[in-house]
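Novice: Requesting a structural model of the entry that follows:
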Amino acid sequence: MPNSTNTTVRKDTRTQEMNKFMVIVNRLGIYVVVALLLIAGQCIRPDKFFTFSNINSVLQAVSLTGICAVGLAFIVYSANFNDMSLPMTIAFSGMVSVQLLQYNFVLSILGGIAAGLLMGAVNGFVIGKLRAHPIIWSMAFNFVMSGIVRWAWAGNQIYPDTITENAATAEQFYALARTYLGKSIGLQIPLMVVVMLVMFVIGHVILTYTSFGNQLKIIGSNYDVGRLSGINCARVVFIAYMINALCAAICGIFLASLSKVGAYYNGEGYDFECVTAVLLGGMTLAGGKGNMVGVFGGVLTVGLLTNVMNLLGIPTFNQYLVQGVVFLFIVWINTNSARKLGKS
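Specialist: Reported below is the predicted structural model:
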């Protein structure tokens with residue numbers, strides 16, 4: 001008999017080296033940056049930064065971006081990248097709302113929302129059912145709607161006080177973006193901020209605790225797996241675009257009220273600003289990752305960074321440069337931490 005040798009398998013005692021900073025960043029996400037900005041703001045202006053009025057102004061400044069970001073998060077989550085028609089959805093909803101003020105205030109609000117939902121339905125059908133490329137289609141649709149809106153209103157701006165002969169209706173529309181809640185308890189919280197917070201809560205519940213949110217996650221992670229699992233992918237994507245359009249329409253109405261004008265340029269820049277907030281919050285263009293809590297952190301980051309730069313007296317044009325560099329750094333940190341932890 002051949003001599004048998006006892007082969008013992010040595011236990012692998014190697015430890016996986018893991019950067020503790022990367023673990024913290026991955027678990028806490030964008031709120032690490034939020035905390036750093038809060039500390040920076042307090043160090044710069046300890047007498048002003050942590051006052052109710054300053055925090056309130058930060059939230060008010062990003063409320064419209066936050067409202068849009070809630071809807072856009074559903075698009076990004078479903079792996080449809082971005083809605084490039086967001087600017088015209090905002091502008092068209094606001095202009096329709098102002099135009100309908102000649103009848104009454106309620107019809108104006110409902111009409112503006114319906115206008116946005118109409119654009120969402122077109123996007124949802126073409127992208128969800130016909131499987132058009134989301135970026136190419138939505139960008140083309142944005143150009144088409146821009147031409148239609150300019151033709152319909154002859155390239156003019158429309159003003160509530162000239163559309164309606166009822167001055168009270170115009171004032172009611174102006175007050176929409178200037179309404180404050182909580183005055184009875186000594187607080188003045190803008191209605192736009194309350195709407196943003198409520199929409200984030202609703203969005204979080206939908207994405208986290210409903211079958212629709214679970215289906216959207218599966219489709220965003222792997223469309224073919226979702227289709228073979230029996231999910232009606234076209235319907236789910238359609239609903240996602242309707243939610244996005246609803247949020248954009250509400251933003252458009254508030255924006256028209258705030259600026260006191262309905263104009264084709266009202267929504268310019270919101271497509272980039274909102275997707276930036278969503279990506280800063282931990283969602284990825286690949287889809288299926290992230291949550292509304294992170295998106296809210298991304299929105300807060302945008303607002304706090306702007307606020308800190310204003311306290312430092314940085315000129316507006318220089319702020320764009322600083323924002324770009326900081327946002328690129330944050331995205332790199334999040335991506336790098338996920339890669340090192342084996343999550344991307």
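
Novice: Residue 278: what's it in contact with?
Specialist: Taking CB atoms under 8 Å, 6 or more residues apart in numbering as the definition of contact, the neighbours of residue 278 are 69, 72-73, 76, 290, 295, 298. Just so you know, the C-beta spots here come from the backbone N, C-alpha and C atoms, and that holds for glycine as well.

Novice: correction: residue 134
Specialist: 75, 80-83, 127.

Novice: What about the residues you listed, which are in helices?
Specialist: With DSSP state H as the criterion, helices contain residue 75 from among those.

Novice: What is the most widely separated pair among the contacts of residue 134?
Specialist: Looking at those by CB to CB, the two members farthest from one another are 82 and 127, with 11.7 Å of separation.

Novice: buried sites along the host helix or strand of residue 151?
Specialist: Assigned by DSSP states H and E, residue 151 belongs to helix 134-152. Along helix 134-152, the positions that meet the burial threshold by neighbour count (16 or more other CB atoms under 10 Å) are 134, 137-139, 141-142, 145-146, 149.

Novice: how about those in JSON lines, adding distance to residue 63 and pLDDT?
Specialist: Shown next, in JSON lines, are the buried residues of helix 134-152 (distance: CB to CB, whole Å; pLDDT from 0 to 100):
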{"residue": "134", "distance to residue 63": "26", "pLDDT": "96"}
{"residue": "137", "distance to residue 63": "29", "pLDDT": "97"}
{"residue": "138", "distance to residue 63": "24", "pLDDT": "97"}
{"residue": "139", "distance to residue 63": "26", "pLDDT": "97"}
{"residue": "141", "distance to residue 63": "26", "pLDDT": "97"}
{"residue": "142", "distance to residue 63": "23", "pLDDT": "97"}
{"residue": "145", "distance to residue 63": "24", "pLDDT": "97"}
{"residue": "146", "distance to residue 63": "25", "pLDDT": "96"}
{"residue": "149", "distance to residue 63": "24", "pLDDT": "96"}
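
Novice: Give the closest residue to residue 175 in space, chain neighbours not counted.
Specialist: Nearest-residue entry for residue 175: residue 257, 7.8 Å, with adjacent residues in sequence omitted and distances by CB to CB, 6 or more residues apart in numbering.

Novice: What are the buried residues along the host helix or strand of the one you found?
Specialist: Applying DSSP H and E as the criterion places residue 257 in helix 233-259. Under the neighbour-count criterion of 16+ other CB under 10 Å, helix 233-259 has 233-234, 236-258 buried.

Novice: Same question for stretch 60-75.
Specialist: Within stretch 60-75, the residues that count as buried by 16+ other CB under 10 Å are 60-75.

Novice: Quick one: residues contacting the residue nearest the centre of the chain.
Specialist: Most central in the chain under CA atoms, centre = their mean is residue 69, positioned 0.9 Å from the mean C-alpha point. Residues near residue 69 by CB under 8 Å, 6+ apart: 274, 277-278, 281, 295, 298-299.

Novice: just checking, next helix/strand downstream of the helix holding residue 151?
Specialist: Counting by DSSP H and E, the element after helix 134-152 in chain order, helix or strand, is helix 160-163.

Novice: which helices and strands does that following helix pack with?
Specialist: Packing contacts for helix 160-163, counted by 3 or more CB pairs under 8 Å, 6 or more residues apart in numbering; DSSP states H and E, involve helix 86-99, helix 167-175.

Novice: These: which one's closest to residue 46?
Specialist: Each of the helices and strands packed on helix 160-163 has some distance to residue 46 by CB to CB; the shortest is helix 167-175, at 35.2 Å.

Novice: what's in contact with the following helix or strand past that closest one?
Specialist: On the C-terminal side of helix 167-175, the nearest following helix or strand under DSSP H and E is strand 180-181. Applying CB under 8 Å, 6+ apart, the set of residues contacting strand 180-181 from outside is 187-191, 194.

Novice: quick one: low-confidence ranges for the protein?
Specialist: Applying pLDDT under 70 to the chain flags residues 1-28, 334-344.

Novice: redo that, cut-off 50
Specialist: For the chain, the stretches flagged by pLDDT under 50 are 12-18.

Novice: quick one, strands of it?
Specialist: 180-181, 189-190 (DSSP state E).

Novice: Keeping just the C-alphas, turn stretch 284-297 into CSV.
Specialist: This file holds the C-alpha atoms of stretch 284-297, laid out as CSV (Å, rounded to 0.1, in the frame of the first residue of the first chain):
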residue,chain,number,x,y,z
THR,A,284,-27.0,55.2,-10.7
LEU,A,285,-27.8,55.6,-14.3
ALA,A,286,-27.6,51.8,-14.6
GLY,A,287,-30.8,51.7,-12.6
GLY,A,288,-32.0,49.5,-9.7
LYS,A,289,-29.9,51.2,-7.0
GLY,A,290,-30.6,53.9,-4.4
ASN,A,291,-33.5,55.3,-2.4
MET,A,292,-35.4,58.5,-1.8
VAL,A,293,-33.6,59.1,1.5
GLY,A,294,-30.4,59.4,-0.5
VAL,A,295,-32.0,61.6,-3.1
PHE,A,296,-33.1,64.0,-0.4
GLY,A,297,-29.5,64.1,0.8
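
Novice: Might you calculate how far that stretch sits from the centre of the chain?
Specialist: Stretch 284-297 sits 10 Å away from the centroid of its parent chain (CA atoms, centre = their mean, to the nearest Å).

Novice: picking up where we left off before, and the helices and strands packed on helix 160-163, which is most packed in?
Specialist: helix 86-99 (a mean of 28; mean count of other CB atoms under 10 Å).
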